[in-house]
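A.B. asks: compute the structure for the input listed below.
(one chain, ligands or ions: 1)
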Amino acid sequence: MRVAISACLLGVPVRYDGGSKPVSEVMELAGKVDVTRVCPETASGLPVPRPPAEQLGGRVLLADGRDVTAEFDLGARRCLDAVRRSPVRLAVLKAKSPSCGVGLIYDGTYSGRLVPGQGVFARRLEEEGICVVTEDTVKSCKPSVEHPVAIVLGSGLGHLGSLVRPVRRIDYRDIEGFPQDARPVAGHSFEATVGSIDGVPVVVYPGRIHLYQGYSAAEVTALVRHAHHLGCRDVVFACATGAVPGQAHTGLGILTDQINLTGRNPLAEWEGLRDVESPFVDMNDAYSPYLRTIARGVADDLGIAVEEGVYAGVLGPCFETPAEVAALSTLGVSYVGMSTVCEVVMARALGMNVLGLTLAANESGAPAVSHETVLAEAEKHAEDFEALVRGVLRLL
Ligand code: SF4
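C.D. replies: Numbers count the residues shown, from 1 in each chain. Presented below is the predicted three-dimensional model:
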């Protein structure tokens, strides 16, 4: 996997003042991927040192008033050419900069104030369809003993738990809000493992409960709140789904977005809502573009066949009618299942970074699909699924 990275984040002295801004998490990532090092301001030929620059009214001005818009454009174009020569799918750029800033940049007053906006180079990368993040995203997704990665597994995918080097185990019945009477369905087990996979701290939840079993949205999201209390910032949700014909095929998939068709929402039910800053949660990019891009890159590097698409969560437990399958296809849905959507809402409310992986075990609407069929199909893809998750963990 090749990643474009701002040179100053890697410790190269290219900033306007002749310094750099090395970030250890980014340098660690750089050690595990192929790197295209970029600095559009250096590429423009601007001298170092020089006065700082900020964007104002669509122009780029140095602090001494000189208009350097043309130079910034030239540098961005030159770096874009370099990126195109060695195709990248991910760029990690220096936050707030008039060239590299993503989402927020300095406001042109040289006072340290920020405004919504894109750096000149960042905008060009996004127009190319490249996932662009700052060092803050890399830092926030970095696992540690204090911030293990939570992995919630669905039907037939629970054996990933056997990869964990355990430190301790937690009976689900000891998890606050998890129903005491819950019994696992086939393919699930109800004991979380805290430990590590390939040295990366994780908490693996090898099974879940579902709305269709009669549990509330608050109950089915108890594991997410538990993971958050344990310090997890990243959460991987894995689920079995049906592939909507014409939109996706059976096999592994990366979830890009979701449609909640369950009619339930944990934020409307959960009495513990006080732990959430606001119930009006932003669901844009609910599935982290950074984590999705890492997963895609890992799959391509390992030659694992993976598709991407929108997940629709339905109440279940019956499978879809032909009319429902046709409706889902019209809605642009690739995968349909009976879990995950409420969990993702809860995770986003708690500010967690979400990666959604699915095993489409059958075609949605296919006749005679049984739970056993789902488990058998999961078994076929178990090796690829494990390799994908391990590959993602390695890069975080
Ligand atoms: S923020 Fe971008 S343009 Fe500025 S020094 Fe760093 S890499 Fe170069």
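
A.B. asks: check which helix or strand Ala192 maps to.
C.D. replies: strand 191-197 (DSSP states H and E).

A.B. asks: what lines up beside that strand in the sheet?
C.D. replies: Strand pairing for strand 191-197, determined by DSSP bridges: strand 165-171 (antiparallel), strand 200-205 (antiparallel).

A.B. asks: the ligand is nearest to which of these?
C.D. replies: Proximity to the ligand (C-beta to the nearest ligand atom) singles out strand 200-205 among the strands paired with strand 191-197, at 28.6 Å. The way it works is simple: take the backbone N, C-alpha and C, and place the C-beta from them, glycine included.

A.B. asks: for this structure, what lies in contact range of the ligand?
C.D. replies: 6-8, 14-15, 39-42, 94, 97, 99-100 (C-beta under 6 Å from any ligand atom).

A.B. asks: of these, closest to Arg124?
C.D. replies: Relative to Arg124, the closest of the residues of the chain next to the ligand is Pro40; by C-beta to C-beta it sits at 8.9 Å.

A.B. asks: how about the nearest residue to the closest one once chain neighbours are set aside, phi and psi?
C.D. replies: Leaving out its chain neighbours, the residue that sits closest to Pro40 by C-beta to C-beta, 6 or more residues apart in numbering is Gly75, at 3.6 Å. The phi/psi pair for Gly75 (degrees, to the nearest 10) reads phi -60, psi -40.

A.B. asks: surely Gly75 is in contact with Thr42?
C.D. replies: Yes: contact criterion C-beta atoms under 8 Å: Gly75 and Thr42 qualify, at 7.2 Å.

A.B. asks: picking that back up, so which of the strands paired with strand 191-197 is the most packed in?
C.D. replies: Mean neighbour count (mean count of other C-beta atoms under 10 Å) peaks for strand 200-205 among those, with a mean of 23.

A.B. asks: got the CA coordinates for it in PDB?
C.D. replies: C-alpha atoms of strand 200-205 as PDB (Å, rounded to 0.1, in the frame of the first residue of the first chain):
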ATOM      1  CA  VAL A 200      -1.700  -5.100  18.900                       C
ATOM      2  CA  PRO A 201      -3.900  -4.600  22.000                       C
ATOM      3  CA  VAL A 202      -7.500  -5.700  21.300                       C
ATOM      4  CA  VAL A 203     -10.800  -6.500  23.000                       C
ATOM      5  CA  VAL A 204     -12.600  -9.200  21.000                       C
ATOM      6  CA  TYR A 205     -16.400  -9.700  21.500                       C
END
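
A.B. asks: and the helix or strand following that strand, what does it pack onto?
C.D. replies: Remark: after strand 200-205, the chain's next helix or strand is helix 217-220, criterion DSSP H and E. If you count contacts as 3 or more C-beta pairs under 8 Å, 6 or more residues apart in numbering; DSSP states H and E, helix 217-220 packs onto helix 266-269, helix 341-349.

A.B. asks: figure out how far the last one is from the centre of its chain.
C.D. replies: In terms of C-alpha atoms, centre = their mean, to the nearest Å, the centre of helix 341-349 is found 13 Å from the chain centre.

A.B. asks: pLDDT on the helix or strand just after it, on average?
C.D. replies: Moving toward the C-terminus from helix 341-349, the next helix or strand (DSSP H and E) is strand 353-363. Strand 353-363 comes out with an average pLDDT of 94.

A.B. asks: CA atoms only for the next helix or strand after strand 353-363, dumped as PDB, please.
C.D. replies: Of the helices and strands lying after strand 353-363 in sequence (DSSP H and E), the nearest is helix 371-380. The C-alpha trace of helix 371-380 is given here as PDB (Å, rounded to 0.1, in the frame of the first residue of the first chain):
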ATOM      1  CA  HIS A 371     -28.400 -20.100   9.400                       C
ATOM      2  CA  GLU A 372     -26.200 -23.200   8.800                       C
ATOM      3  CA  THR A 373     -25.600 -22.000   5.200                       C
ATOM      4  CA  VAL A 374     -24.400 -18.700   6.600                       C
ATOM      5  CA  LEU A 375     -22.000 -20.500   8.900                       C
ATOM      6  CA  ALA A 376     -20.700 -22.800   6.200                       C
ATOM      7  CA  GLU A 377     -20.100 -19.800   3.900                       C
ATOM      8  CA  ALA A 378     -18.300 -18.000   6.700                       C
ATOM      9  CA  GLU A 379     -16.000 -20.900   7.100                       C
ATOM     10  CA  LYS A 380     -15.000 -20.700   3.500                       C
END
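
A.B. asks: for the next helix or strand after helix 371-380, packing partners?
C.D. replies: Next along the chain after helix 371-380, taking DSSP H and E as the criterion, comes helix 382-395. Helix 382-395 makes packing contacts with strand 191-197, strand 200-205, strand 234-243, strand 251-260, helix 289-302, strand 353-363 when contacts are defined by 3+ C-beta pairs under 8 Å, 6+ apart.

A.B. asks: and the ones you listed, which is most packed in?
C.D. replies: Of the helices and strands packed on helix 382-395, the one with the most neighbours on average (mean count of other C-beta under 10 Å) is strand 234-243, at a mean of 27.

A.B. asks: sorry, back to before: what about Gly75 and Thr42, which has more around it?
C.D. replies: When neighbours are counted by other C-beta atoms under 10 Å, Gly75 and Thr42 differ, and Gly75 comes out ahead with 23 against 20.

A.B. asks: what sits against the more buried one?
C.D. replies: Cys39, Pro40, Glu41, Thr42, Ala43, Ser44, Gly45, Leu46, Ser99, Val120, Phe121 (C-beta atoms under 8 Å, 6 or more residues apart in numbering).

A.B. asks: buried subset of those residues, written for PyMOL?
C.D. replies: The buried residues among those can be selected in PyMOL (16 or more other C-beta atoms under 10 Å) with this line:
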select buried, resi 39+40+41+42+43+44+46+99+120+121
